[in-house]
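**Student:** Quick one, structure for this:
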Amino acid sequence: MAVLTQITGPAHTRILSVGAARGNIDVPNDDLVEAIDSSDEWIRQRTGIIQRRRASEDVLAVDLSVEAGEEAIVRSGLDRSEIDGVIISTISNVAVTPSMAALAAHRLGLTPAAAFDISAACAGYVYGVGQADALVRSGVCKNVLVIGSEKLSDLVDPTDRSISFLLGDGAGAVIVGASDTPGIGPTIWGSDGGHWDTIHMTTTFSDYRANPGEVAWPTLRQDGQTVFRWAVWEMAKVAKKTIAASGIEVSDLAAFIPHQANMRIIDEFAKQLKLPETVAVARDIEMQGNTSAASIPLAMHQLLEEQPELSGGLALQIGFGAGLVYGAQIVTLP
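**Tutor:** Predicted coordinates:
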């Protein structure tokens, strides 16, 4: 009887490099407050956001993906032929199919790399890193480009007070490859579909098509208080579980890079984890806004630009959002 050949890969992986692309327009709070009958002060107190970066109409999420991916590739020092996997997490592709990843891979000169999209909203980047880690360690891929990319300004109702003023546009990219020592800890992830409608679209595309002129274009909406409580209390438990599963202590961390959902969530999260003052906390949301799947790699990129001495240190990254879905890992910073 014939026996199938199976392949194996390296024992360990790490993040080799990081790249970023941010929307080309600065949108301060004052530009949005009239539509939601609010004020700059209200937005700052509620979210910590001073401005958000958004992309002009001629810029698509795939364009942001290519820009961020290019920087990650160049910084990795790899030949493009060595990158044989591309994963993009997004909820803002302009087409259901083909995938954004396939087009981005082509534009980045990575053909014939395997390429696919995943939809896990604000946890999507962490899901992508978890999959890339598994693909490399299994031997299926040598190096995987993981991108979180969003143009959320396409999904905004300017008059919606629940989420519209939070959202920005951007892409963050990392390359996951082999390592001599562990550089990516266990991925702790999961979902709770019982709260599926906590962050949701206002209508379906089928309803929009069936009722032209009567049903508005689908946009994002959330139950802010429910999301806040879930993110702070339940995700703190996930973060602690991730730290324990990785065999380290909170004091071993150099950085904490949570999904940039809301500054109040980030600050309360840090209190729940009892982070030492030595741990750098990413607060990219202040000038970038909430970019869903792109927020963690963008925040990592900004943190390393501001504090390059963090390179080589351990960081807790955790994403959480629509689904409800969540995921976390401890990673060695590139």
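
**Student:** pretty sure Y208 contacts E214?
**Tutor:** No: assessed by Cβ atoms under 8 Å, Y208 is found out of contact with E214, at 9.3 Å. Where C-beta positions appear, they are placed from N, C-alpha and C, glycine not excepted.

**Student:** higher neighbour count, the two?
**Tutor:** Y208 (16 against 8; other Cβ atoms under 10 Å).

**Student:** What average pLDDT does the strand or helix carrying the more buried one get?
**Tutor:** Here Y208 sits within helix 205-210, counting by DSSP states H and E. Taken as a whole, helix 205-210 carries a mean pLDDT of 88.

**Student:** cool, and stretch 317-331?
**Tutor:** Regarding stretch 317-331, the rounded mean pLDDT is 96.

**Student:** Find the nearest non-adjacent residue to D169, please.
**Tutor:** Among residues not flanking D169 along the chain, G23 sits closest, at 3.8 Å (Cβ to Cβ, 6 or more residues apart in numbering).

**Student:** Check the gap between the one you found and P308 for me.
**Tutor:** Distance from G23 to P308, counting by Cβ to Cβ, to the nearest Å: 24 Å.

**Student:** How about Y127?
**Tutor:** Y127 is 28 Å from P308, by Cβ to Cβ.

**Student:** ok, back up a step: okay, G23 and P308: which has more neighbours?
**Tutor:** Ranked by neighbour count (other Cβ under 10 Å), G23 and P308 place G23 first, with 24 against 9.

**Student:** The more buried one touches D154, doesn't it?
**Tutor:** No: using Cβ under 8 Å, G23 makes no contact with D154, being 11.5 Å away.

**Student:** all helices for the stretch 51-200 of the chain, in order.
**Tutor:** 61-76, 100-107, 124-138 (DSSP state H, counting those that start in this stretch).

**Student:** I'd like to know which of these lies nearest to G19.
**Tutor:** Closest to G19 of the helices of the stretch 51-200 of the chain, according to Cβ to Cβ: helix 61-76, at 3.0 Å.

**Student:** phi, psi of the spatially most central residue of the chain?
**Tutor:** The centre of the chain sits closest to A293, judged by Cα atoms, centre = their mean, with a distance of 2.8 Å. Backbone torsions for A293, taken as degrees, to the nearest 10, come to phi -60, psi -20.

**Student:** ok, now which ones touch it?
**Tutor:** Contacts for A293 (Cβ atoms under 8 Å, 6 or more residues apart in numbering) come out as 89-91, 120-125, 148-150, 319.

**Student:** In strands, which of the residues you listed fall?
**Tutor:** Using DSSP state E, the members of the contacts of A293 that fall in strands are S89, G148, S149, E150, G319.

**Student:** what's near enough to touch the fourth one?
**Tutor:** Listed by Cβ under 8 Å, 6+ apart, the contact partners of E150 are A61, L64, T90, I91, S92, D169, G170, A171, T291, S292, A293, A294.

**Student:** same question, the third one
**Tutor:** Taking Cβ under 8 Å, 6+ apart, we find S149 in contact with 61-62, 64-65, 68, 88-90, 92, 100, 170-172, 293-294.

**Student:** got it, and the first one?
**Tutor:** S89 makes contacts with 117-120, 124-125, 127-128, 146-149, 293, as judged by Cβ under 8 Å, 6+ apart.

**Student:** 7 Å - rerun?
**Tutor:** Contact analysis of S89 by Cβ atoms under 7 Å, 6 or more residues apart in numbering lists I118, A120, G124, Y125, Y127, G128, G148, A293.

**Student:** With distance to M300 and pLDDT added, can I get those residues in CSV?
**Tutor:** Shown next, in CSV, are these (distance: Cβ to Cβ, whole Å; pLDDT from 0 to 100):
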residue, distance to M300, pLDDT
I118, 19, 97
A120, 18, 96
G124, 15, 98
Y125, 9, 98
Y127, 16, 98
G128, 13, 98
G148, 10, 98
A293, 13, 98
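
**Student:** ok, which stretches of the stretch 101-250 of the chain are strands?
**Tutor:** Ranges of strands in the stretch 101-250 of the chain, per DSSP state E, counting those that start in this stretch, are 114-118, 144-151, 169-179, 188-191, 199-201, 220-222.

**Student:** how about these in JSON lines, adding distance to R75?
**Tutor:** Output for the strands of the stretch 101-250 of the chain, formatted as JSON lines (distance: least, Cβ to Cβ, whole Å):
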{"stretch": "strand 114-118", "distance to R75": "20"}
{"stretch": "strand 144-151", "distance to R75": "12"}
{"stretch": "strand 169-179", "distance to R75": "8"}
{"stretch": "strand 188-191", "distance to R75": "27"}
{"stretch": "strand 199-201", "distance to R75": "33"}
{"stretch": "strand 220-222", "distance to R75": "32"}
